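**Q** Here you go, sequence then predicted model.
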Amino acid sequence: MDYLEFFNIKDDPFRITPDSEYFYPSQEHNEILSSLTYAVKQKEGFVLATGEPGTGKTTILKVFLNEWKDKAEIALVMTPRLSPEEFLLAVLEDFNIPVSSNNKNDIIKVFRDFLLRHSKEGRRVIIIVDEVQNLPDETLEELRLLSNLETDKEKLLQIILIGQPEFRKRLESHSLRQLNQRITVRASLRSLNVSETQDYMNFRLMKAGHGPVFFELKAKKLIHSYSKGTPRLINLLSSRAMMAAYVDNSRNIKDKHIVYAANNVFDESFRNRDKVKTYLKYAAMFLVVLLVVVQVSFSMRSKKDTAEKPEQTNKPVLTETVQPASKPNSTKKSSTSKPAPQIVSHNVRSQTDAPKQVKKIVDSPAIESVQASSPTLTIAKEVVNLRSGPQMETPPVSWALKGKTFPILDIKSDTDGHEWFKIKIDAGKELWVSRSVVKVNQQAIEEGR
Ligand SMILES: Nc1ncnc2c1ncn2[C@@H]1O[C@H](COP(=O)(O)OP(=O)(O)OP(=O)(O)O)[C@@H](O)[C@H]1O
Ligand SMILES: [Mg+2]
């Protein structure tokens, strides 16, 4: 059983040749057709219709030709990469005007007689140029000169230009401004929307003697999304998808058949473009999620900060320093030439927010006063290590500068008999400092004991 038999159709519904029999009169296509008809009936000079490749310009022309072929003299130039002379000869040949001279003036005179004769008979003479974007500037100028052939009352010649949208841009150039001014009717063809695409497909299937060929709705939508409503691409995809379904022994055309067709129809770059789009979509989604997460964590952090603020006034934070400090052996970041900065702490506080911190603490008398009645010690060396435990082997986790006073929470001796003080520092953290590097308020200790 062959393909057509399998689907019970008499013809391939999605051939890509512009066939007026299969003309689907979408609103857009009809409007263009009406513009052409109007311009010819009104004897307008130039008409221009543009549209992206495959949108149906040539198909419309075919329909227009069918309508006018018996009512007008028509020359159709489909391959317009012609010099002015070649173009003129091609037009005369199409009109069946015999040319016996090579002299251009003679040729124009013959052509003018032809126009006048038909004008008297009330017949329109129309030149149609398809793919006008390929016409060289000089040939366009020749065309403009031909359009000057007119009587006092009317234009003798109607010219229809069909081409791609970039031709409009070209017309704006200085050299083509005269032609541009003569174009009185302009129309542009857009692609089909999703419901027109479905109608278009149904229409063509019906014309082909639609048997039980069934494109699922999802499949039709996918065709629109791949083709962006361009009829030539719709045809290509539909035809390949039907072939895939035929091989699959399925009379239902499903989205998997469309995906297969798309892989078959489009080249690597097109598919990659689709992939890139997908990646970009996911990247955008990821960014949105990331932004939300960042925002949420920021707001949680700022809430936490606000909650912690009252406590901060008590912090005997190591960043507090009003006197220059020489570089400690263990200090990685400080410089000897600068006053002791915020980096006196190992804490994970960035340099940028540290100055604020320093100022706040220095200005705050509460640090000392709150602990005034507790036993205290004062740092006696330029910079001393504060450790997590009461022995030299425990790693230093912070530093304190000379002159800083801390409340003492506890006293312990290590195995070597050295005394260690537990002190309270930043954010309520408790660390240990060796007695050998501090001055102790003995009285307080005694009272405390
Ligand atoms: N209105 C329509 N009805 C039926 N088929 C259409 C219609 N428009 C386009 N097609 C189909 O789409 C395909 C491409 O159409 P056509 O050749 O007319 O496009 P075009 O705009 O002239 O393209 P190009 O710029 O490449 O010349 C053809 O197979 C044609 O049959
Ligand atoms: Mg075409």
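**A** Okay, I see it. Ligands and ions are numbered 1, 2, ... in the order given.
**Q** Identify the residues contacting the residue of the stretch 201-350 of the chain found nearest ligand 2.
**A** Residue nearest to ligand 2 within the stretch 201-350 of the chain: Arg232 (9.1 Å; Cβ to the ion). For every residue, glycine as well, the C-beta is placed using N, CA and C. The contact partners of Arg232, taken as Cβ atoms under 8 Å, 6 or more residues apart in numbering, are 16, 53-55.
**Q** which ones are touching Gly45?
**A** Counting by Cβ under 8 Å, 6+ apart, Gly45 has contacts 147, 155, 157-159, 182-184.
**Q** go with 10 Å
**A** Contact analysis of Gly45 by Cβ atoms under 10 Å, 6 or more residues apart in numbering lists 39, 144, 147-148, 150, 155-159, 179, 182-185.
**Q** Select only the buried ones of those in PyMOL?
**A** Buried subset of the contacts of Gly45, written as a PyMOL selection, criterion 16 or more other Cβ atoms under 10 Å:
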select buried, resi 39+144+147+155+156+157+158+159+179+182+183+185
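**Q** So among the contacts of Gly45, where is pLDDT lowest?
**A** In terms of pLDDT, the lowest of the contacts of Gly45 is Glu150, showing 79.
**Q** in which helix or strand would I find the residue lying closest to Gly209 once chain neighbours are set aside?
**A** Once flanking residues are discounted, Gly209 sits nearest to Lys10: 4.2 Å by Cβ to Cβ, 6 or more residues apart in numbering. Element membership of Lys10 [criterion: DSSP states H and E] is none; it lies in no helix or strand.
**Q** From Tyr3, how far out is Lys10?
**A** As judged by Cβ to Cβ, to the nearest Å, Lys10 and Tyr3 stand 12 Å apart.
**Q** now do Thr184
**A** Separation of Thr184 from Tyr3 (Cβ to Cβ) stands at 48 Å.
**Q** Next: Ile160.
**A** In this view, Ile160 and Tyr3 are 38 Å apart by Cβ to Cβ.
**Q** likewise Leu205?
**A** Leu205 is 14 Å from Tyr3, where distance means Cβ to Cβ.
**Q** now do Asn263
**A** Counting by Cβ to Cβ, the separation of Asn263 from Tyr3 is 20 Å.
**Q** what do you get for Ile126?
**A** Taking Cβ to Cβ, one finds Ile126 at 40 Å from Tyr3.
**Q** Please apply the same query to Glu93.
**A** 40 Å.
**Q** for whichever residue of the stretch 151-300 of the chain sits closest to ligand 2, phi and psi?
**A** The nearest approach of the stretch 151-300 of the chain to ligand 2 comes at Ile162, 7.2 Å away (Cβ to the ion). When read as degrees, to the nearest 10, the backbone of Ile162 gives phi -120, psi 130.
**Q** ok, now which ones touch the residue of the stretch 1-150 of the chain found nearest ligand 2?
**A** Taking Cβ to the ion, ligand 2 has its nearest neighbour within the stretch 1-150 of the chain at Thr58, 3.2 Å off. Shown in contact with Thr58 (Cβ under 10 Å, 6+ apart): 17-18, 51, 78, 130-131, 162.
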